[in-house]
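Visitor: Build me a structure from this.
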Amino acid sequence: MAVLALQVAAGADDAREADDGSAFNRTAVNVANDAHLNAATRYNAGLRFTLPIAQGRTIYSATLQVLVTDDGGKAPIVYDDPLVDIHCEDVDNADNFITTADVTSRVRTTASTLWDDTNTGVGWQTSPDFTTSVQEVVDRESWVSGNALCVLMDGRDTANRLFRYRSYEFGAASAPKLDIVYSESTAGDQETINGVGTLTAGAATSPFRVGQVLVALKTRLETISGLQVFDYLPSRLNPPAAILIVGGGRYHTAFEDTEDMGVSVLLVTSKANDRQGQDDLTDQLTVTAVKAALEATPFPLSITGIRTGGFDRLSVVDLGGTSYYAIRFPVEVLS
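Guide: Modelled structure (predicted):
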């Protein structure tokens, strides 16, 4: 497994344009990415990154970080209400915004992810995971390592919402970031680093991948009424919530020694400044519900068992600058 932490590297690599094809701009210090009922004031944004990822490699996660602005305090407005669809440009090697001075007309991937939030606050904010869009591009037959990926974020036409963040022109350190976790091996390779990829079980190869296991765990937790479930670290949340985290679990392969899987569930019960939070932390009904959802039969894929180990009591954890009460569950998956 490899981790990429990329950042827009030039002024030619970020831009915005109104949805009616007007108002293209690649030199402003802010990227406007507003949702609006009117196409002339609804903005789409493009962010371009060079990816050292070979064709067909498996993408495990992909998220953006953008530095949300209040325009330096010059106006009593915070542009922190994203309502955008995240795509990637569906080409082998995306042009920069000088070569192709356009955002709106670029071809989008079929896959997309909605980023819908309000009052995120200024500062660095993290998008939802849009792995499927990145995977769609990396799987293109003519994609090669070193090609450029363009992330396209389209303001929706269903509401008027302001969303703006710093561009490269404001300062290189403030430019949008792209974080990707991916496999350095081909899909057929056996990769056991942190349990990501296929693993050998006896003489055969385990028929499921960790990415599939995460989807299965997320689906199970979503059966709990009122529980938000994330397979990425959200920039903000409203407890109760469960977050699937890479790190802290075990993956068992039949007839072989145990390999590290690297998955655990963080159950966030309340904000730490909520007086009821301490009581919620010790509420066995919540704990029992999570354990029951994860361990319920029948098991998906070819999994023969899912077990949650003894949970760790955490007094306080910090997520996105906010303190919460939380419990961490190590997860065992047996094949």
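
Visitor: Is Asp34 in contact with Asp157, as I believe?
Guide: No: Asp34 is beyond contact range of Asp157, at 10.8 Å (criterion: Cβ atoms under 8 Å). Glycine gets a C-beta too; all of them are placed from N, C-alpha and C.

Visitor: shared neighbours of those two, anything?
Guide: Shared contacts of Asp34 and Asp157, defined by Cβ atoms under 8 Å, 6 or more residues apart in numbering, are found at Arg42.

Visitor: more neighbours, those two?
Guide: Neighbour count, other Cβ atoms under 10 Å: between Asp34 and Asp157, Asp34 has more, with 25 against 14.

Visitor: which helices and strands sit right next to the longest strand seen in the chain?
Guide: Using DSSP state E to define each element, the chain has its longest strand at strand 322-334. With contacts defined as 3 or more Cβ pairs under 8 Å, 6 or more residues apart in numbering; DSSP states H and E, the packing partners of strand 322-334 are strand 250-252, strand 263-271, helix 277-281, helix 284-295, strand 305-308, strand 312-319.

Visitor: helices and strands around the second one, which ones?
Guide: The one in question is strand 263-271. Contacts defined by 3+ Cβ pairs under 8 Å, 6+ apart place strand 263-271 against helix 210-221, strand 241-246, helix 277-281, helix 284-295, strand 312-319, strand 322-334.

Visitor: The second one pairs with which strands, parallel or anti?
Guide: Partner strands and pairing direction for strand 241-246 (DSSP bridges) are strand 228-230 (parallel), strand 263-271 (antiparallel).

Visitor: What distance do you get for the closest residue to Thr322 other than its chain neighbours to Ile243?
Guide: Residue nearest to Thr322 in three dimensions, not counting chain neighbours: Lys271, with 6.5 Å by Cβ to Cβ, 6 or more residues apart in numbering. Per Cβ to Cβ, to the nearest Å, Lys271 is found 15 Å from Ile243.

Visitor: go on, Trp124?
Guide: Taking Cβ to Cβ as the measure, Trp124 falls 18 Å from Ile243.

Visitor: Comparing these two, which shows the higher neighbour count?
Guide: Ile243 (22 against 18).

Visitor: Thought Leu227 was touching the more buried one, still the case?
Guide: No: under the criterion of Cβ under 8 Å, Ile243 is not in contact with Leu227, lying 11.0 Å apart.

Visitor: mind giving me the domain split of the chain?
Guide: Per automatic domain parsing, the structural domains of the chain span 2-182, 193-334.

Visitor: which one of those is the most hemmed in?
Guide: With neighbours taken as mean count of other Cβ atoms under 10 Å, the domains of the chain reach their highest mean count in domain 2-182, at a mean of 19.

Visitor: could the domains of the chain be laid out in CSV, adding mean pLDDT?
Guide: Listed next are the domains of the chain as CSV, based on pLDDT from 0 to 100:
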stretch, mean pLDDT
domain 2-182, 94
domain 193-334, 65
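
Visitor: Is the residue nearest to Leu51 when sequence neighbours are not counted bridged to anything, and to what?
Guide: Counting by Cβ to Cβ, 6+ apart, the nearest residue to Leu51 once its immediate chain neighbours are dropped is Leu149, at 5.1 Å. Counting by DSSP bridges, Leu149 forms beta bridges with Phe49.
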